[in-house]
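**Q** Could you work out the structure for the sequence below:
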Amino acid sequence: MENTTRESFTAHGENLLKKVKELIEEGNVRKISVHDKDGKEIMSFPLTFGVVGAVFAPVLAAIGAMAALIGDCTITVEREPAEE
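**A** Okay, the predicted model is just below:
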């Protein structure tokens, strides 16, 4: 991958959906992965540039349901390289 950067955030169940929505709105995110407190990947989804709104409704619904079941988790984000 072409200089993709990775960043991780810790979130508690109820804040998970809010943080994922914020990341999607940023627009430079390529992929989001959610891991449980043991590091096991629970969910991962790619974000195609320019695709937002109704396309993500099922994904956000799944994240909301999952957030109710898990405690602490880590969100790993792959970002597009900054354009110069």
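**Q** secondary structure element for the residue nearest the centre of the chain?
**A** Closest residue to the average C-alpha location of the chain: I32 at 3.4 Å, with C-alpha atoms, centre = their mean. Using DSSP states H and E, I32 sits within strand 29-36.
**Q** same check, this time on A65
**A** Going by DSSP H and E, A65 is in helix 57-69.
**Q** buried sites along that helix?
**A** I63, M66, A67 (16 or more other C-beta atoms under 10 Å). Every residue, glycine included, has its C-beta placed from N, CA and C.
**Q** and what of stretch 12-29?
**A** In stretch 12-29, counting by 16+ other C-beta under 10 Å, buried: L16, L17, K19, V20, L23, I24, V29.
**Q** Outside of it itself, list whatever touches it.
**A** Defining contact as C-beta atoms under 8 Å, 6 or more residues apart in numbering, one finds that stretch 12-29 is touched by 9, 11, 32, 34, 47, 49, 52, 56, 60, 63-64, 66-73, 75, 77-80, 82.
**Q** hey, where'd the strands end up in the protein?
**A** 5-12, 29-36, 41-46, 72-79 (DSSP state E).
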